[in-house]
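*Asks:* Build me a structure from this.
(2 chains)
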Protein chains: 2
Amino acid sequence: MQRYFLQTDSNERVSVKGDDFHHMIRVMRMKEGDSFLSVFQDNKSAICKIEEISNDSLTASVVEWELNSTEMPVRITIVSGLPKGDKLESIIQKGTELGATEFIPFKATRSIVKWDDKKAHKKIERFEKIAKEAAEQSHRRTIPFISEPKTLKQILQTVPSNAVKLVAFEEEAKQGESSQFKEELQKVQNGDHIMMIFGPEGGLTEEEVHELKNHDFISCGLGPRILRTETAPLYALAAISYELELKR
Amino acid sequence: MQRYFLQTDSNERVSVKGDDFHHMIRVMRMKEGDSFLSVFQDNKSAICKIEEISNDSLTASVVEWELNSTEMPVRITIVSGLPKGDKLESIIQKGTELGATEFIPFKATRSIVKWDDKKAHKKIERFEKIAKEAAEQSHRRTIPFISEPKTLKQILQTVPSNAVKLVAFEEEAKQGESSQFKEELQKVQNGDHIMMIFGPEGGLTEEEVHELKNHDFISCGLGPRILRTETAPLYALAAISYELELKR
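*Replies:* Residues are numbered from 1 along each chain as shown, chains lettered A, B, ... in the order given. Here you go, the predicted model:
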């Protein structure tokens, strides 16, 4: 069933206009009596039935509220060293499916790509669209937030004080570090906020890792193989889901 | 350091010809005294130093054997319902990074793509190249095997008798099944063989899942979100690595 993120709080009766109306009626050719899934701004979701269609809006009523959450039990901020090409799109699309809460593009020392402000605005709009579509497709209740690109200094200024702070550092993996990530995840409680930083293609510099460690970030290996910059966040998100969402 | 899969068993002295010779000397412009990483057919790997370069071959000697394995402690066969577009390339590239041993493209009921035999041969060659490059990049010692596309019947005829047999079924995830995958992974021993089956875009049919269950495949959910056909195998591989390779 098609899922729509509506711009209103939850209510037994729903009014739909604009893009979502266009998609339902013009693209999906829905008729009165058809059903869709709506996710409201307060993150509640329900199956709704179309009752009346006018020229530019429709009204629907809630048939059944969804009770099982599809959201991670923790907030997860993925900080990605700005990569080349369309890799950030791939991180955002698949990272949304895998449950991330927020993405921060990170102007790392070894990031080759630079965004000017004009370009950044357009790119973020595009990323927001990718995140929305991936959230709908994977049946999520929230759309991840896409931040503007930030420097390390800006990132360090905005770290939530109670966050679980992790940095994926491939040199740790090469040297056989294989316990920190699991150790930290096993201490995580529902409702916690995990912030995890990943380097761009060339990796993080020693200075960046040093600075992060000074700010209490814990350096983790993600297994013995060297993962690409666009694969490492997906490994981390899948592992977090496996640890926290699958029961033993 | 550049990594090469050589077509010989391990030896203190190495002779390199053909494509690898071409890549080292013509592409990478290596000189006598330069070093590279070589992985031998018996899966041993070593840092080697070039001693002599002739017109069409070079000789090198082992400087140091690699001791830490980058291979998963289990064999993992990923069976992927034939997806559309270049998704299988993405599964093979990232699945190789994440440690898979073998990929079997699966002619599922809902697979829209059909391969004729001629096309299959060319595609498999291309996939083998992608797997080789991903294995080199991620510092693996073995290159995953790419099978020809198989029907469900053919797959069931070749399941190793002692394999841990899993099938990712999104209906289980939707209904909140969240314990089988972890339960099975926690029973796995080093050296075991895990075979895991994933549907194409439209998912597996009830009949396919029924047939698999009749052959002792265990149906698992991979968390509460609906994962795309190209994301689910990556979730599974990351979770297997997290469970078996990261220490607690």
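
*Asks:* Run through who's touching the helix or strand of chain A with the lowest mean pLDDT.
*Replies:* Scoring the helices and strands of chain A by mean pLDDT, DSSP states H and E places helix A:170-174 at the bottom, with a mean of 77. With contact meaning Cβ atoms under 8 Å, 6 or more residues apart in numbering or on different chains, helix A:170-174 is reached by A:180, A:199, A:203, A:209, A:219-227. From N, CA and C alone the C-beta is placed, and that goes for glycine too.

*Asks:* Who wins on neighbours among those residues?
*Replies:* residue A:222 (29 neighbours; other Cβ atoms under 10 Å in any protein chain shown).

*Asks:* my guess is it contacts residue A:233, does it?
*Replies:* No. The pair residue A:222 and residue A:233 fails to qualify as a contact (Cβ atoms under 8 Å) at a distance of 9.7 Å.

*Asks:* ok, the helix or strand encompassing residue A:76 near chain B or not?
*Replies:* Taking DSSP states H and E as the definition, one finds residue A:76 inside strand A:75-81. No. Remark: strand A:75-81 sits outside contact range of chain B, by Cβ under 8 Å from any Cβ of the partner chain, the gap being at least 12.8 Å.

*Asks:* partners of that strand in the sheet?
*Replies:* Strand A:75-81 has the following strand partners under DSSP bridges: strand A:102-106 (parallel), strand A:193-198 (parallel).

*Asks:* any chance of those in JSON lines, with mean neighbour count too?
*Replies:* Output for these, formatted as JSON lines (neighbours: other Cβ atoms under 10 Å in any protein chain shown):
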{"stretch": "strand A:102-106", "mean neighbour count": "22"}
{"stretch": "strand A:193-198", "mean neighbour count": "24"}
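
*Asks:* Next up, the contacts around the residue nearest the centre of chain A.
*Replies:* Closest residue to the average C-alpha location of chain A: residue A:100 at 3.2 Å, with Cα atoms, centre = their mean. Residue A:100 is in contact with A:76-78, A:144, A:233, A:237, counting by Cβ under 8 Å, 6+ apart.

*Asks:* before we move on, what about residue A:241?
*Replies:* A:72, A:98-99, B:222-223, B:235, B:239.

*Asks:* quick one: the longest helix along chain A near chain B?
*Replies:* Assignment by DSSP state H gives helix A:117-137 as the longest helix of chain A. Yes. Shown here: helix A:117-137 in contact with chain B (Cβ under 8 Å from any Cβ) through residue A:137.

*Asks:* Tell me the buried residues in that helix?
*Replies:* By neighbour count with 16 or more other Cβ atoms under 10 Å in any protein chain shown, helix A:117-137 contains the buried residues A:123-124, A:127, A:130-132, A:134-137.

*Asks:* returning to what we had before: what separates the helix or strand following the strand holding residue A:76 from the chain centre, distance-wise?
*Replies:* Using DSSP H and E, the helix or strand that follows strand A:75-81 in sequence is helix A:87-97. Relative to the mean C-alpha coordinate of its chain, helix A:87-97 is positioned 8 Å out (Cα atoms, centre = their mean, to the nearest Å).

*Asks:* returning to what we had before: any chance of the strands paired with strand A:75-81 in a markdown table, with mean pLDDT too?
*Replies:* Below are the strands paired with strand A:75-81 laid out as a markdown table (pLDDT from 0 to 100):
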| stretch | mean pLDDT |
| --- | --- |
| strand A:102-106 | 97 |
| strand A:193-198 | 97 |
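
*Asks:* Redo those strands as JSON lines? Include distance to residue B:60.
*Replies:* Shown next, in JSON lines, are the strands paired with strand A:75-81 (distance: least, Cβ to Cβ, whole Å):
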{"stretch": "strand A:102-106", "distance to residue B:60": "39"}
{"stretch": "strand A:193-198", "distance to residue B:60": "35"}
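
*Asks:* Looking at the contacts of residue A:100, spot the one nearest chain B.
*Replies:* For the contacts of residue A:100, the residue nearest chain B by Cβ to the nearest Cβ is residue A:237; the value is 8.1 Å.

*Asks:* Without its sequence neighbours, what residue ends up closest to that closest one?
*Replies:* Computed as Cβ to Cβ, 6 or more residues apart in numbering or on different chains, the closest residue to residue A:237 that is not its neighbour in sequence is residue A:98, at 3.8 Å.

*Asks:* Next: residue A:183.
*Replies:* Closest residue to residue A:183 apart from its sequence neighbours, by Cβ to Cβ, 6+ apart: residue B:248 at 6.9 Å.

*Asks:* For that neighbour, which residues are in contact?
*Replies:* A:179, A:182-183, A:186.

*Asks:* taking the residues you listed one by one, which sit in helices?
*Replies:* Residues of the contacts of residue B:248 located in helices (DSSP H): A:182-183.

*Asks:* May I have the strand holding residue A:76 as CSV, with CA atoms only?
*Replies:* The C-alpha coordinates for strand A:75-81 follow below in CSV (Å, rounded to 0.1, in the frame of the first residue of the first chain):
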residue,chain,number,x,y,z
ARG,A,75,18.5,8.1,17.3
ILE,A,76,21.4,7.6,14.9
THR,A,77,23.3,10.5,13.3
ILE,A,78,25.5,9.4,10.4
VAL,A,79,28.4,11.9,9.7
SER,A,80,29.9,11.1,6.2
GLY,A,81,33.1,12.6,4.9
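
*Asks:* in it, what's buried?
*Replies:* Buried residues in strand A:75-81 (16+ other Cβ under 10 Å): A:75-81.

*Asks:* ditto for stretch A:29-39
*Replies:* Those would be A:30, A:34, A:36-39, for stretch A:29-39 by 16+ other Cβ under 10 Å.

*Asks:* how about that stretch, does it reach chain B?
*Replies:* No. Stretch A:29-39 lies apart from chain B when judged by Cβ under 8 Å from any Cβ; the minimum separation is 11.8 Å.

*Asks:* In chain A, mark out all the strands, start to finish.
*Replies:* A:3-5, A:13-17, A:35-39, A:45-53, A:57-65, A:75-81, A:102-106, A:145-146, A:164-168, A:193-198, A:218-220 (DSSP state E).
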